[in-house]
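Peer 1: 3D, please:
(one chain, ligands or ions: 1)
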Amino acid sequence: MAISLSDRLEAELSKLRESGLLIHPRVLEAPQRARTRVDGRAVVNLASNNYLGFADHPEVKARAEQSLREWGAGAGAVRTIAGTLRIHEDFEQQLADFKHTGSALVLQSGFTTNQGVLGALLQEGDLVVSDELNHASIIDGLRLTKATKKIYRHADPEDLDRVLAEHDTDGLKLVVTDGVFSMDGDIAPLDRLIEVARKYGAVTYVDDAHGSGVLGEAGRGTVHHFGYEHADDVIQVGTLSKAWGAVGGYAAGHPNLRELLINRARPYLFSTAHPPAVVGALSAALELVQRDASFMERLWENTRYFKAELARLGFDTMGSQTPITPVLFGEAGAAFEASRRLLDEGVFAVGLGFPTVPRGQARIRNIVTAEHTREDLDQALAAYERVGRALGVIGS
Ligand code: PMP
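Peer 2: Below is the predicted model:
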């Protein structure tokens, strides 16, 4: 007799409940901004990826509205059938120009980009070597391929060298890394990784979800930050859902990359194109960040201030180099309790435990944005000080 659906659902949910991993997403009752409302209370928001404050920016919204009025609510088809509107192609050209790459293709999300690109590029007989802390969408993307998969130690070019020396192939060799790691906020040592990759004839694939809009001139990303944006042996993928304020993913690099993906990337081939409002919003975001340097200046000024003040209070921010600012609590229970207490104090910051981060390294992940004022950050810091003292994480 087969198990019933209700028995299966109950069995799985109770496993999650017992291990303390059952998720209940908090609900924002106001737009995604530096100050918003969560579960009925006004909060300083340190939980979003809205790095530049574009998610609710008036100019971005105005362009979304304009595109909606001119082009309609939906694209109506997948890109390869009848869903490629003029604005989709124009935006891709705008993105390729911005990234200084030969081509760019937009997909529905950062998640589907990793699935589409890795799935399209890699074949049986290829070798892919991936950082042990790469994002879940990379791991899932690699599962779709028949390439041989190997892991190197986090952000460790010497270990990458060891793995590449041990495994050879006549097929494509691909080194895969996040540009900025989403849980620790550290930057991949791209120059050294690319140097090692080149020694073995490997191509480097950088998922720049958290580097786009954050690193490089006008937020061109981690690859630009290290000066490799013109390299044909570097593939950049990323998201349009974080700093760029709306939703989407992209792949940019070698001039022929776009052509191959149009023909082989399964999310591109089989899932409907972005609605016009999304395209309008993204196009405005790219214009805004290039026209007005103050977005990135405020992002980094706030980042430096928040990290320095947390360190002064005695918190461990785990060597983070970017606006992603983890605060270490150790045990998951302590991080979750601190997150609850911070919310009571009007600060929204999410606790993360195993398996999202390694055991014993549970933390609260804060993301500073360009939109935060000094007052917002000071309010959050005062709450951190009280909660940290009450839980014995910092001295009194
Ligand atoms: N890659 C990385 C490194 C990410 O952090 C994320 C977002 N969580 C994604 C891909 C997925 O991007 P999106 O939210 O656009 O699907």
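Peer 1: ranges for the strands of the stretch 151-300 of the chain?
Peer 2: For the stretch 151-300 of the chain, the strands defined by DSSP state E, counting those that start in this stretch cover 173-178, 203-207, 234-239, 249-253.
Peer 1: point out the residues in the stretch 251-396 of the chain that sit beside the ligand.
Peer 2: Counting by C-beta under 6 Å from any ligand atom, none of the residues of the stretch 251-396 of the chain come close to the ligand. For every residue, glycine as well, the C-beta is placed using N, CA and C.
Peer 1: rewinding a little: want to try CSV for the strands of the stretch 151-300 of the chain, with mean neighbour count, distance to residue 160 and mean pLDDT as columns?
Peer 2: Formatted as CSV, these follow (neighbours: other C-beta atoms under 10 Å; distance: least, C-beta to C-beta, whole Å; pLDDT from 0 to 100):
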stretch, mean neighbour count, distance to residue 160, mean pLDDT
strand 173-178, 25, 6, 98
strand 203-207, 26, 10, 98
strand 234-239, 27, 15, 97
strand 249-253, 27, 20, 96
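Peer 1: in this structure, what residue lies closest to the ligand?
Peer 2: residue 110 (2.3 Å; C-beta to the nearest ligand atom).
Peer 1: so that residue sits against residue 241, correct?
Peer 2: Yes - with contact defined as C-beta atoms under 8 Å, residue 110 reaches residue 241; the gap is 6.0 Å.
Peer 1: mind listing the shared neighbours of those two?
Peer 2: 209, 248-249 (C-beta atoms under 8 Å, 6 or more residues apart in numbering).
Peer 1: excluding chain neighbours, what is closest to the residue of the chain closest to the ligand?
Peer 2: residue 239 (3.1 Å; C-beta to C-beta, 6 or more residues apart in numbering).
Peer 1: my guess is the one you found contacts residue 246. True?
Peer 2: No - using C-beta under 8 Å, residue 239 is not in contact with residue 246; the gap is 10.0 Å.
Peer 1: how about the helices in the stretch 51-200 of the chain?
Peer 2: 58-71, 86-99, 110-121, 136-143, 157-166, 190-199 (DSSP state H, counting those that start in this stretch).
Peer 1: give me the neighbour count for residue 96.
Peer 2: Counted with other C-beta atoms under 10 Å, the neighbours of residue 96 add up to 19.
Peer 1: likewise for residue 151?
Peer 2: Counted with other C-beta under 10 Å, residue 151 comes out at 16.
Peer 1: picking up where we left off before, name the stretch among the helices of the stretch 51-200 of the chain that sits most buried.
Peer 2: Across these, averaging neighbours per residue (mean count of other C-beta atoms under 10 Å) puts helix 110-121 on top, at a mean of 25.
Peer 1: give me the helices and strands touching it, please.
Peer 2: Using 3 or more C-beta pairs under 8 Å, 6 or more residues apart in numbering; DSSP states H and E as the contact test, the elements touching helix 110-121 are helix 136-143, strand 203-207, strand 234-239, strand 249-253, helix 257-264, helix 266-270.
Peer 1: can you put the ones you listed in JSON lines and add distance to residue 357?
Peer 2: Formatted as JSON lines, the helices and strands packed on helix 110-121 follow (distance: least, C-beta to C-beta, whole Å):
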{"stretch": "helix 136-143", "distance to residue 357": "13"}
{"stretch": "strand 203-207", "distance to residue 357": "18"}
{"stretch": "strand 234-239", "distance to residue 357": "20"}
{"stretch": "strand 249-253", "distance to residue 357": "24"}
{"stretch": "helix 257-264", "distance to residue 357": "32"}
{"stretch": "helix 266-270", "distance to residue 357": "28"}
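Peer 1: and residue 340, which of these is closest to it?
Peer 2: helix 136-143 (25.3 Å; C-beta to C-beta).
Peer 1: other residues contacting the closest one?
Peer 2: Counting by C-beta under 8 Å, 6+ apart, residues outside helix 136-143 touching it are 110-111, 113-119, 122, 128, 130, 149, 176, 178, 207.
Peer 1: tell me how this protein divides into domains.
Peer 2: Domain assignment for the chain by automatic domain parsing gives 24-56+293-390, 58-291.
Peer 1: so which of these is the most packed in?
Peer 2: domain 58-291 (a mean of 20).
Peer 1: surely residue 183 touches residue 353?
Peer 2: No - under the criterion of C-beta under 8 Å, residue 183 makes no contact with residue 353, lying 11.1 Å away.
Peer 1: dump the helices of the stretch 51-200 of the chain to JSON lines, plus distance to residue 215 and mean pLDDT.
Peer 2: JSON lines is the format used below for the helices of the stretch 51-200 of the chain (distance: least, C-beta to C-beta, whole Å; pLDDT from 0 to 100):
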{"stretch": "helix 58-71", "distance to residue 215": "21", "mean pLDDT": "98"}
{"stretch": "helix 86-99", "distance to residue 215": "13", "mean pLDDT": "97"}
{"stretch": "helix 110-121", "distance to residue 215": "16", "mean pLDDT": "98"}
{"stretch": "helix 136-143", "distance to residue 215": "19", "mean pLDDT": "96"}
{"stretch": "helix 157-166", "distance to residue 215": "19", "mean pLDDT": "98"}
{"stretch": "helix 190-199", "distance to residue 215": "10", "mean pLDDT": "98"}
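Peer 1: among the ones you listed, which is nearest residue 390?
Peer 2: helix 136-143 (33.4 Å).
Peer 1: starting at the chain centroid, how far to the closest one?
Peer 2: Here the centre of helix 136-143 is set off from its chain's centre by 14 Å, with C-alpha atoms, centre = their mean, to the nearest Å.
Peer 1: and for stretch 375-394?
Peer 2: With C-alpha atoms, centre = their mean, you get 26 Å for stretch 375-394.
Peer 1: what residues does that stretch touch?
Peer 2: Against stretch 375-394 from outside (C-beta under 8 Å, 6+ apart): 34-35, 44, 46, 302, 305-306, 309-310, 313-315, 327, 329, 334, 337-338, 341-342, 345-347, 349, 366, 368, 395-396.
Peer 1: what mean pLDDT does it get?
Peer 2: Mean pLDDT, stretch 375-394: 96.
Peer 1: convert it to CSV, retaining C-alpha atoms only.
Peer 2: Provided in CSV are the C-alpha atoms of stretch 375-394 (Å, rounded to 0.1, in the frame of the first residue of the first chain):
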residue,chain,number,x,y,z
GLU,A,375,19.7,57.3,12.6
ASP,A,376,18.5,53.9,11.3
LEU,A,377,21.9,52.4,11.8
ASP,A,378,22.3,53.9,15.3
GLN,A,379,18.9,52.6,16.3
ALA,A,380,19.9,49.1,15.2
LEU,A,381,23.3,49.3,16.9
ALA,A,382,21.7,50.4,20.2
ALA,A,383,19.4,47.4,19.9
TYR,A,384,22.3,45.1,19.2
GLU,A,385,24.2,46.4,22.2
ARG,A,386,21.2,45.7,24.5
VAL,A,387,20.5,42.2,23.1
GLY,A,388,24.2,41.2,22.9
ARG,A,389,24.7,42.2,26.6
ALA,A,390,21.5,40.4,27.7
LEU,A,391,22.6,37.2,25.9
GLY,A,392,26.2,37.5,27.1
VAL,A,393,27.6,37.7,23.6
ILE,A,394,29.4,40.9,24.4
